[in-house]
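S.K.: Give me a model of this one.
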Amino acid sequence: MKRLGGLLVIILVLVVILISVLMRVRPPLPQSQLFVNANIITMDTAQPQAEAMLIERDRIVWVGSNAEAEAYRSSAERVLNLQGMTIIPGFIDAHGHFPGSGLTEFAADLNSPPIGDVKSIGSLQSRLSAFADANPDGWILGIGYDDSLLAEKRHPTREDLDAVSKDRPVYILHISGHMGVANSVALALAGIDNTTPDPEGGVIVRDSSGNATGLLKETAGTQLQTLAMDFSAIDFMEMIDSAAAEYLRVGVTTAQSG
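M.R.: Residues are numbered from 1 along each chain as shown. Predicted coordinates for the structure are as follows:
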């Protein structure tokens, strides 16, 4: 019992350490921040614009003119002169899949314009090959391809992805998130062949001869996605950090996962 108790204590300590690492301790917010020389869009019809704003921790406590702001300057922990830049309320992502966009930390970005630059199946293959060269082990993963924006106007096939690698599993996720394409190795790992029946709620797309093309819709790709995206807790935190930075760059301050 003593050994078991000691082991449990060690496990508990390790869990606490892991959680502290995952939380990535961040510096506390300033107690007060004064923004001056700004074009502040308040969304308040009684006072639609202002030049200055005082924030205490995470609350806006005052808005007004630059002249009025002088009364707060000496007590503010930080004063920021925005030199005419505009402040607007943060955008709220009402239908998102945070932190899904952070997958680009572990996958090739296969987005087409205006998001990315993949315009054909050939350029998609090149992007995957470059990812494979940079990541010589494990899955070759790509995200964000859009068949409707490719020059060929079709989904890639298992043969297209076999051309990237016949030895390593390849899986690419559609921009919708509701389907994806796998190469022959990946299909085999997921136990999918030409005789595998469609699962409930999913479709294994087949060609005119009845052979699986590699395109898996909805639940047909669930098991394969689980295999391809078997990320560690540290990986997941990196995804969160990457997605959060991306959201903040475009002014989204509230996100959710649908």
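S.K.: CA only for contacts and neighbour counts going forward, please
M.R.: OK.
S.K.: so where do the helices sit in the protein?
M.R.: Per DSSP state H, the chain carries helices over the ranges 2-22, 66-73, 121-134, 158-162, 184-189, 222-228, 233-249.
S.K.: Only the buried residues of stretch 223-235, if you could.
M.R.: For stretch 223-235, the neighbour count (16 or more other Cα atoms under 10 Å) marks L224, Q225, A228, D235 as buried.
S.K.: Extract the CA atoms of that stretch and return them as CSV.
M.R.: The C-alpha trace of stretch 223-235 is given here as CSV (Å, rounded to 0.1, in the frame of the first residue of the first chain):
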residue,chain,number,x,y,z
GLN,A,223,-11.4,6.6,-38.0
LEU,A,224,-8.8,7.8,-40.5
GLN,A,225,-8.9,11.3,-39.1
THR,A,226,-8.4,9.8,-35.6
LEU,A,227,-5.3,8.0,-36.8
ALA,A,228,-3.9,10.9,-38.8
MET,A,229,-4.4,13.5,-36.1
ASP,A,230,-3.2,11.6,-33.0
PHE,A,231,-1.7,14.7,-31.4
SER,A,232,-0.1,14.9,-28.0
ALA,A,233,-1.3,17.4,-25.3
ILE,A,234,1.7,19.6,-26.1
ASP,A,235,0.8,19.5,-29.8
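S.K.: ok now that stretch, how far from the chain's centre?
M.R.: Averaging C-alpha positions (Cα atoms, centre = their mean, to the nearest Å) puts stretch 223-235 14 Å from its chain's average.
S.K.: and what of stretch 45-54?
M.R.: Stretch 45-54 sits 34 Å away from the centroid of its parent chain (Cα atoms, centre = their mean).
S.K.: likewise stretch 178-196?
M.R.: Worked out by Cα atoms, centre = their mean, stretch 178-196 lies 24 Å from the chain centre.
S.K.: thought F91 was touching R249?
M.R.: No: judged on Cα atoms under 8 Å, F91 makes no contact with R249 at a distance of 11.3 Å.
S.K.: higher neighbour count, these two?
M.R.: Remark: of F91 and R249, F91 carries more neighbours, 14 against 10, as counted by other Cα atoms under 10 Å.
S.K.: ok, now how distant is the closest residue to the more buried one other than its chain neighbours from N39?
M.R.: Of all residues not flanking F91 in the chain, V252 sits nearest, at 4.4 Å (Cα to Cα, 6 or more residues apart in numbering). Note on V252: its distance to N39, by Cα to Cα, to the nearest Å, is 19 Å.
S.K.: Same question for A255.
M.R.: Remark: distance between A255 and N39 (Cα to Cα) = 25 Å.
S.K.: Can you pull out the low-pLDDT segments for this protein?
M.R.: For the chain, the stretches with pLDDT under 70 are 1-26.
S.K.: show me what contacts the residue nearest to the spatial centre of it?
M.R.: For the chain, the residue sitting closest to the mean C-alpha position, by Cα atoms, centre = their mean, is S101 at 2.0 Å. Contacts for S101 (Cα atoms under 8 Å, 6 or more residues apart in numbering) come out as M239, S242, A243.
S.K.: Can you report how many residues lie near N81?
M.R.: 12.
S.K.: for D160, same thing?
M.R.: As a burial measure, D160 scores 19 neighbours (other Cα under 10 Å).
S.K.: re earlier: can I get the contacts of S101 in a markdown table including neighbour count?
M.R.: Below are these laid out as a markdown table (neighbours: other Cα atoms under 10 Å):
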| residue | neighbour count |
| --- | --- |
| M239 | 22 |
| S242 | 18 |
| A243 | 21 |
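S.K.: Among these, which one lies nearest to P48?
M.R.: Nearest to P48 out of the contacts of S101 is A243 (Cα to Cα; 31.6 Å).
S.K.: Report the separation between that closest one and G214.
M.R.: The gap separating A243 from G214 is 29 Å, by Cα to Cα.
S.K.: One more: S120?
M.R.: Taking Cα to Cα as the measure, S120 falls 18 Å from G214.
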